[in-house]
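Q: The sequence and its predicted three-dimensional model are supplied below.
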Amino acid sequence: MGVFQDIQTDIELASVKMVTEYRRRLLVDALKLCGNEADAEDLVSSVFNEIFAHDDGYDPKKGELYPYLRGVLEHLYARTKRRAVNRGTVAVERSLARDGDVLRLVGVDEMPAAPLLAR
């Protein structure tokens, strides 16, 4: 029986199975995105909170669960970074790389004096 079928019968069992099966893989992915373990743990916890708050978002007919979870992870990470930029706690710095534009998040204490988004 799949995790989302288990939700209909036993939400506690489903949540334990999902966390047990996918937490480690998501943590590795989150660590690559965040760069530190504490933020990665928070991000993975947010993924599971989001999934169980909105359990109608995943459709098993459309594919495997892990890619869906990975998509939620990436969405939450991007949302967190967007909010940080909007709050002014980080700035976006544009730099030209050989393969095109690369965006890098810079902490407020690292910001140069010139406007960052001007090219």
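A: Received it, and whenever you're ready, just let me know what you need. Numbers count the residues shown, from 1 in each chain.
Q: give me the number of residues near Tyr58?
A: A total of 20 residues lie near Tyr58 under the criterion other CB atoms under 10 Å. For glycine as for every other residue, the C-beta is placed from the backbone atoms N, C-alpha and C.
Q: Spatially nearest residue to Ser46, not counting backbone neighbours?
A: In this structure, Ser46 finds its nearest non-sequential neighbour in Leu76, 5.2 Å apart by CB to CB, 6 or more residues apart in numbering.
Q: just Phe48 next, same as before
A: Using CB to CB, 6+ apart, the closest residue to Phe48 is Val19 (6.1 Å).
Q: So Val19, which state does it fall into?
A: Three-state assignment for Val19 (DSSP: H, G, I helix; E, B strand; the rest coil): helix.
Q: hang on, it packs against Ser45?
A: No. With contact defined as CB atoms under 8 Å, Val19 does not reach Ser45; the gap is 9.5 Å.
Q: Of these two, which one has the most company?
A: Remark: of Val19 and Ser45, Val19 carries more neighbours, 18 against 14, as counted by other CB under 10 Å.
Q: can you tell me how far the more buried one sits from Thr80?
A: 21 Å (CB to CB, to the nearest Å).
Q: Kindly report the same for Ser45.
A: Ser45 is 12 Å from Thr80, by CB to CB.
Q: Ok, Leu31 next?
A: Distance, Leu31 to Thr80, using CB to CB: 15 Å.
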